[in-house]
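what's the 3D shape of this:
(one chain, ligands or ions: 1)
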Amino acid sequence: MTDTHVDAVAAEIAIEQQHLDRVNTELAKAGQRAELVAVDGLSRGRTSRTGDVRDEEMSGLFERDALVYNAARRQAHLERQHEGLVFGRLDLEEEPDHEREIRYIGRLGVRDDDYEPLVIDWRAPAASPFYRATPGNNLGVIRRRVLRSRGEEVIGVEDDLMVPEAPDDMVVVGDGALLAALTRSRGQQMRDIVATIQAHQDEAIRATDRGITEITGGPGTGKTVVALHRAAFLLYANRRRYESGGILVIGPSSAYTAYIERVLPSLGEDSVTLRSLGDVVDVITAVRHDPPEVAALKGSLQMRTVLNRLAAMAVPGAPTSLRVMVDGRAVHLDETTLTDIRRRALRDRNRNQAANAVRDLLAEAAWRQVREGEREDFLEAFDSSMAVDTFLGQWWPQVDPREALLWLQDTELAYDVSRSVLSHGDAAALAHATRETLELGTWTVADVALIDELSVRLGPVEHEAPEERSFFEVEELDGVEELRAMGSAIKDPLVEHHLSPTSAHERLLYDTIGPADEYAHVLVDEAQDLSPMQWRMIGRRGRRASWTVVGDVAQASWQDAAEAEHARLEAYGTQQRQSFHMTTNYRNAQEIFDYARAVILPAVPDADIPDAVRETGVQPAEVTFGDALDTSRPAVGTVAEQALADLAQELEGSIAVITPQRHANAVAGLAEGYEGRVTVIDPLSTKGLEWDATLVVDPDAIVDESPGGARILYVVLTRAAHRMSVLRPTD
Ligand SMILES: Nc1ncnc2c1ncn2[C@@H]1O[C@H](COP(=O)(O)OP(=O)(O)OP(=O)(O)O)[C@@H](O)[C@H]1O
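Numbers count the residues shown, from 1 in each chain. From the prediction side, this is the model:
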């Protein structure tokens with residue numbers, strides 16, 4: 001850079017700094033106003049009176065709640081915005097009788113005392129040319145400028161000129177903001193791209209919120225980040241609908257939700273619910289995976305029949321006949337009669353809501369048998385019989401969906417409920433997997449969709465109201481120290497006197513599952529991997545929702561595409577669909593993506609192959625390791641350790657060591673000493689994530705071990721932004 005150029009950049013930065021200072025002053029004032037509202041709000045709720053609270057005081061209290069809540073929210077919002085608050089500037093062409101207009105674009109709108117805009121929210125229509133203007137269609141823009149700042153200090157500017165020649169008084173500096181952003185080190189979490197959204201991405205972000213919006217494209221094309229910006233846009237464009245109705249974002253794993261969780265708050269939005277497939281159902285957090293063939297079984301639509309039968313069958317171990325004395329007369333209802341009553345009770349009701357109907361049906365059946373004396377007297381006596389109560393407690397208990405799923409541990413029962421639907425081998429595999437669940441005390445990710453399905457069929461579990469206990473009794477009986485001494489964890493001893501579950505079985509059934517929450521918008525990422533049963537689970541949460549669905553079929557790990565497509569369309573309902581296709585790979589250096597492409601094309605010839613635009617001049621490194629047959633080379637652990645040290649030396653930022661199960665032990669300890677820079681991870685869990693560099697251990701073993709084969713290897717080989725090393729055994 002020449003001295004004159006350095007001076008020119010410094011002068012431009014100084015100009016922008018002036019504007020940023022002004023914005024920050026206004027923002028501080030707005031912050032103070034928010035604080036005042038908060039203080040004022042608090043004083044409104046204060047009352048010196050005791051005794052009855054009059055109506056107007058009640059409404060004062062509500063008002064206070066609303067004010068304090070909103071003010072606190074606004075404050076949190078403003079404080080977070082300081083980092084990179086203003087990131088863009090547009091210089092627009094002069095219009096007759098008007099000076100050249102300058103617009104600043106930022107994370108939120110800020111106005112001065114005269115209500116003049118100092119910054120325009122990036123989602124407002126007036127900000128749109130910042131993203132849409134191109135030299136071919138400049139939309140009135142002469143120069144688009146991206147500002148980089150650290151805290152309140154402007155540290156750089158990057159310009160794009162949208163007209164053939166800049167006016168004499170306008171300076172143009174920098175090499176373009178996109179390339180600068182893509183070359184930078186990525187860190188541990190996804191960042192927002194609000195300063196460098198590209199025109200085709202902007203179209204998907206601002207597309208109408210009606211119906212289903214599908215975003216497709218190959219690896220690294222920005223599908224995820226675009227979808228998240230779309231969620232922020234929807235909240236801006238239709239806040240009433242989406243803030244009160246809620247937006248649900250579903251990703252493949254908890255590693256993924258941790259990776260993306262910063263993006264929306266950095267855009268000023270924190271009212272979005274992020275869930276991984278293992279924790280869609282409240283109170284369950286599953287991270288364990290079934291072996292691929294069992295996961296395929298649990299995810300398939302055949303499970304609907306199995307679950308239907310589970311939900312309707314007699315509770316295992318329950319009595320098979322009823323023998324009681326009612327009003328001095330002997331009643332005996334045999335198994336056939338009870339089965340008939342069970343069927344009739346379930347014809348148009350959920351099991352857990354049918355207890356009263358069942359009692360009536362039993363009473364009628366008993367009367368039909370007895371037919372002596374007054375009918376009404378008999379029915380009344382039946383209704384108040386303690387023996388009948390005891391029988392009902394055993395024959396028709398409230399059934400927790402998790403408990404019903406666990407019935408499958410019995411192989412004979414599993415054969416019975418899956419007859420004509422699953423093979424004996426598959427039914428036995430289900431039973432075996434259930435016994436494993438019981439041993440480990442943890443659910444698998446695939447179980448969650450089954451539990452949700454059963455939950456609908458059984459209806460919510462209705463608990464009898466616990467007997468009221470006085471404060472004194474709670475203290476006396478549930479003394480904190482006493483319980484601690486028994487080794488129990490306590491949430492809140494005075495309110496919730498829960499003990500944490502001790503056995504695996506109790507742990508599996510911990511807490512109560514409520515009805516599914518519904519949302520106004522559902523955003524599904526890595527949609528190609530959802531099983532049909534998972535589509536049904538998500539569908540229940542979006543029955544009245546609009547959807548954004550993101551995916552790439554070539555990265556799929558789910559086998560039966562047709563069945564999943566059927567379930568997906570059922571979840572969508574009859575809504576209209578619009579599609580956006582992304583074709584530029586912003587993540588991988590070209591050299592890395594070429595390597596990945598050579599793997600996927602032979603396996604999936606019609607894979608959606610994007611263009612990787614950024615070259616580094618460095619090819620992925622291939623290193624070999626020895627094994628039991630070849631001891632002339634060091635073993636995998638030693639070779640991996642050296643390759644990792646080389647990568648860490650070569651670049652800053654995050655590194656993943658991606659290993660198949662067979663080498664997991666050998667590389668497990670590699671992250672130590674790198675202070676959080678290095679993650680050791682299995683292939684399937686890398687979905688949706690990215691690192692500055694990756695170390696891929698034994699690609700052939702990755703293909704062998706994964707149900708998705710080459711598709712999973714394709715995912716693994718497209719996770720690195722800047723550098724990749726691949727370790728192979730010697731031939
Ligand atoms: N306009 C942009 N400006 C800067 N960075 C961008 C832009 N678009 C995408 N990126 C970056 O490219 C990378 C890939 O984006 P993202 O993870 O959203 O892709 P994806 O299509 O979901 O990938 P995959 O399907 O492989 O998981 C991210 O680091 C993202 O921040």
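
where in the stretch 451-600 of the chain is pLDDT low?
For the stretch 451-600 of the chain, the stretches flagged by pLDDT under 70 are 464-502, 559.

residues from it in reach of the ligand?
Neighbours of the ligand within the stretch 451-600 of the chain, by CB under 6 Å from any ligand atom: 552, 586, 587. In short, each C-beta sits where N, CA and C put it, glycine included.

what does the stretch 101-250 of the chain put close to the ligand?
Listed as neighbours of the ligand in the stretch 101-250 of the chain under the rule CB under 6 Å from any ligand atom: 178, 181-182, 186, 193, 196-198, 201, 217, 219-225.

so which of the residues of the stretch 451-600 of the chain next to the ligand is the most crowded?
Greatest neighbour count in these, by other CB atoms under 10 Å, goes to residue 552: 25 neighbours.

contacting residues around it?
Neighbouring residues of residue 552 by CB atoms under 8 Å, 6 or more residues apart in numbering: 216, 217, 218, 219, 223, 528, 608.

how about these in TSV, adding secondary structure and neighbour count?
Output for the contacts of residue 552, formatted as TSV (DSSP: H, G, I helix; E, B strand; the rest coil; neighbours: other CB atoms under 10 Å):
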residue	secondary structure	neighbour count
216	strand	19
217	strand	21
218	coil	28
219	coil	26
223	helix	28
528	helix	23
608	coil	18
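
adding distance to residue 679, write those out as a markdown table.
A markdown table is the format used below for the contacts of residue 552 (distance: CB to CB, whole Å):
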| residue | distance to residue 679 |
| --- | --- |
| 216 | 28 |
| 217 | 25 |
| 218 | 24 |
| 219 | 19 |
| 223 | 22 |
| 528 | 24 |
| 608 | 27 |
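
next one: phi and psi at residue 342?
phi -60, psi -40 (degrees, to the nearest 10).

equivalent analysis for residue 146, please.
Main-chain torsions, residue 146, degrees, to the nearest 10: phi -110, psi 130.

run a quick neighbour tally on residue 504.
Residue 504 has 14 neighbours, counted by other CB under 10 Å.

relative to residue 708, how far out is it?
Distance of residue 504 to residue 708, given as CB to CB, to the nearest Å: 31 Å.

taking the residues of the stretch 451-600 of the chain next to the ligand one by one, which sit in helices?
Per DSSP state H, helices hold no members of those.

any idea which of these is closest to residue 21?
For those, the closest approach to residue 21 (CB to CB) belongs to residue 586, at 32.7 Å.

what sits against that closest one?
Going by CB under 8 Å, 6+ apart, residue 586 touches 182, 220, 221, 222, 613, 614.

try 7 Å
Neighbouring residues of residue 586 by CB atoms under 7 Å, 6 or more residues apart in numbering: 182, 220, 221, 222.

now, which of these sits nearest the ligand?
residue 222 (3.1 Å; CB to the nearest ligand atom).

could you list the low-pLDDT ranges of this structure?
1-4, 31, 33-83, 464-502, 559, 628.

that one - how does it break down into domains?
3-183, 199-281+516-582, 471-508, 590-729 (automatic domain parsing).

just so I know, which of those domains lies nearest residue 460?
domain 199-281+516-582 (10.1 Å).

ok now that closest one, how far from the chain's centre?
Here domain 199-281+516-582 is found 9 Å from its chain centre; the criterion is CA atoms, centre = their mean, to the nearest Å.

ok, now stretch 649-661?
On CA atoms, centre = their mean, the centre of stretch 649-661 falls 24 Å from the chain's centre.

can you pull out the strands in the stretch 401-550 of the chain?
For the stretch 401-550 of the chain, strands defined by DSSP state E, counting those that start in this stretch occupy the ranges 521-524, 546-551.

so what strands line up beside the shortest one?
Paired strands of strand 521-524, with direction, are strand 247-251 (parallel), strand 546-551 (parallel) (DSSP bridges).

can you redo these as a markdown table with mean neighbour count?
Formatted as a markdown table, the strands paired with strand 521-524 follow (neighbours: other CB atoms under 10 Å):
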| stretch | mean neighbour count |
| --- | --- |
| strand 247-251 | 26 |
| strand 546-551 | 25 |
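
make CSV out of these and add distance to residue 652.
Formatted as CSV, those follow (distance: least, CB to CB, whole Å):
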stretch, distance to residue 652
strand 247-251, 27
strand 546-551, 29
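
look up which helix or strand residue 564 falls in, please.
Using DSSP states H and E, residue 564 maps to helix 561-572.

could you say which helix or strand holds whatever residue of the stretch 601-731 of the chain ends up closest to the ligand?
Residue nearest to the ligand within the stretch 601-731 of the chain (CB to the nearest ligand atom): residue 688, separated by 4.5 Å. Using DSSP H and E, residue 688 sits within no helix or strand.

what about the closest residue in space to it that isn't next to it in sequence, neighbour count?
Excluding the flanking residues, the one nearest residue 688 by CB to CB, 6 or more residues apart in numbering is residue 256, at 4.5 Å. Neighbour count of residue 256, defined by other CB under 10 Å: 24.

got it, and residue 179?
14.

ok, the one 3 residues further on next?
The burial metric for residue 182, expressed as a neighbour count using other CB under 10 Å, is 17.

quick check: the residue of the stretch 451-600 of the chain nearest the ligand.
Of all residues in the stretch 451-600 of the chain, the one sitting closest to the ligand is residue 586 (3.5 Å; CB to the nearest ligand atom).

now do the contacts for residue 523.
Counted by CB under 7 Å, 6+ apart, residue 523 has contacts 227, 231, 247, 248, 249, 250, 548.

if you set the cut-off to 10 Å instead, what comes out?
213, 215, 224, 227-228, 230-231, 234, 247-251, 272, 274, 542, 545-550 (CB atoms under 10 Å, 6 or more residues apart in numbering).

same question, residue 216
Residue 216 makes contacts with 223, 527-528, 549-553, 579-583, 608, as judged by CB under 10 Å, 6+ apart.

so where do the strands sit in the stretch 251-400 of the chain?
For the stretch 251-400 of the chain, strands defined by DSSP E, counting those that start in this stretch occupy the ranges 272-276, 322-326, 329-333.

which of the residues in the first one are buried?
The reference is to strand 272-276. Going by neighbour count (16 or more other CB atoms under 10 Å), the buried part of strand 272-276 is 272, 274, 275, 276.

mind giving me the packing neighbours of that strand?
Judged by 3 or more CB pairs under 10 Å, 6 or more residues apart in numbering; DSSP states H and E, strand 272-276 is in contact with helix 223-237, strand 247-251, helix 254-260, helix 263-266, strand 521-524, helix 532-541.

try 8 Å this time
Applying 3 or more CB pairs under 8 Å, 6 or more residues apart in numbering; DSSP states H and E, we find strand 272-276 packed against strand 247-251, helix 254-260.

just the second one next, same as before
The criterion is 3+ CB pairs under 8 Å, 6+ apart, and the helices and strands that strand 322-326 contacts are strand 329-333, helix 355-370, helix 375-383, helix 386-395.

would you map the helices across the stretch 551-700 of the chain?
Per DSSP state H, counting those that start in this stretch, the stretch 551-700 of the chain has helices spanning 561-572, 590-603, 636-650, 664-667, 699-705. These are given in chain order.
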